[in-house]
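Student: What shape does this take:
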Amino acid sequence: CFTKIEEVYEYIGPLGKAQICSLVILSMLNLLAAFNFLMAVFLLVIPEWECETGKICTDDLCQMPRENWRWLNRDRTMVSYFELQCDSNYAILASSLFFVPGTVVGLAASGYLSDKYGRKRTLLAAVVLSLVLAVAQALSSTYPRFLGVRTR
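Tutor: Numbers count the residues shown, from 1 in each chain. Below is the predicted model of the structure:
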């Protein structure tokens with residue numbers, strides 16, 4: 001039984017080429033996951049807007065008719081692209097809430113699949129699936145489609 005971490009390192013030996021390669025690959029997977037978790041922080045921000053010329057505006061978007069104001073940069077965030085303001089605030093949170101259950105189910109399934117097909121095949125399939133769904137997510141033209149591929 002080991003009592004110090006140094007004893008474990010001595011028993012295992014120095015990092016070899018295979019361990020470093022595995023570390024790099026697994027770190028890249030964590031970057032993909034981190035991007036998906038943090039995406040909501042950056043893409044679900046309510047962007048700047050301005051009053052349309054000749055229209056009466058207030059400081060609150062929700063108190064004005066939609067035709068009285070416009071986004072300064074419509075394609076910058078999902079809020080402006082999918083028109084998710086005011087009554088659609090629930091939809092902003094749904095993006096994050098849909099991602100977590102999909103991740104949990106995927107992690108649970110990956111354990112079973114790793115036992116059945118091996119870790120290497122399962123990991124490769126997870127990376128390919130993640131990349132395909134990330135591209136589908138980026139190309140989504142409607143918010144329900146975006147949520148569907150975000151669930152994974």
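
Student: what's the spacing between M28 and N73?
Tutor: M28 sits 31 Å away from N73, going by C-beta to C-beta, to the nearest Å. The way it works is simple: take the backbone N, C-alpha and C, and place the C-beta from them, glycine included.

Student: What residues sit buried inside the longest helix seen in the chain?
Tutor: Secondary structure of the chain per DSSP state H: the longest helix is helix 89-117. For helix 89-117, burial by neighbour count (16 or more other C-beta atoms under 10 Å) applies to A91, I92, A94, S95, F98, F99, G102, L113.

Student: need the helices for this protein, in chain order.
Tutor: Using DSSP H, the helices of the chain run over residues 5-12, 17-43, 78-81, 89-117, 119-138, 143-151.

Student: Can you tell me which of those helices is packed in deepest?
Tutor: helix 78-81 (a mean of 20; mean count of other C-beta atoms under 10 Å).

Student: sorry, back to before: between the helices of the chain, which one is nearest to D60?
Tutor: D60 lies closest to helix 89-117 among those, at 13.1 Å (C-beta to C-beta).

Student: which residue is nearest the centroid of the protein?
Tutor: N36 (1.9 Å; C-alpha atoms, centre = their mean).

Student: who are the neighbours in contact with that residue?
Tutor: F99, A134 (C-beta atoms under 8 Å, 6 or more residues apart in numbering).

Student: any idea how far it is from A134?
Tutor: 7 Å.

Student: Mind picking out the helix or strand in this structure with the poorest mean pLDDT?
Tutor: helix 17-43 (a mean of 79; mean pLDDT, DSSP states H and E).

Student: Where does the prediction get shaky in the protein?
Tutor: In the predicted model of the chain, residues 152 satisfy pLDDT under 70.

Student: hmm, 90 instead?
Tutor: 1-3, 5-16, 18-50, 52-108, 110-111, 119-120, 122-152 (pLDDT under 90).
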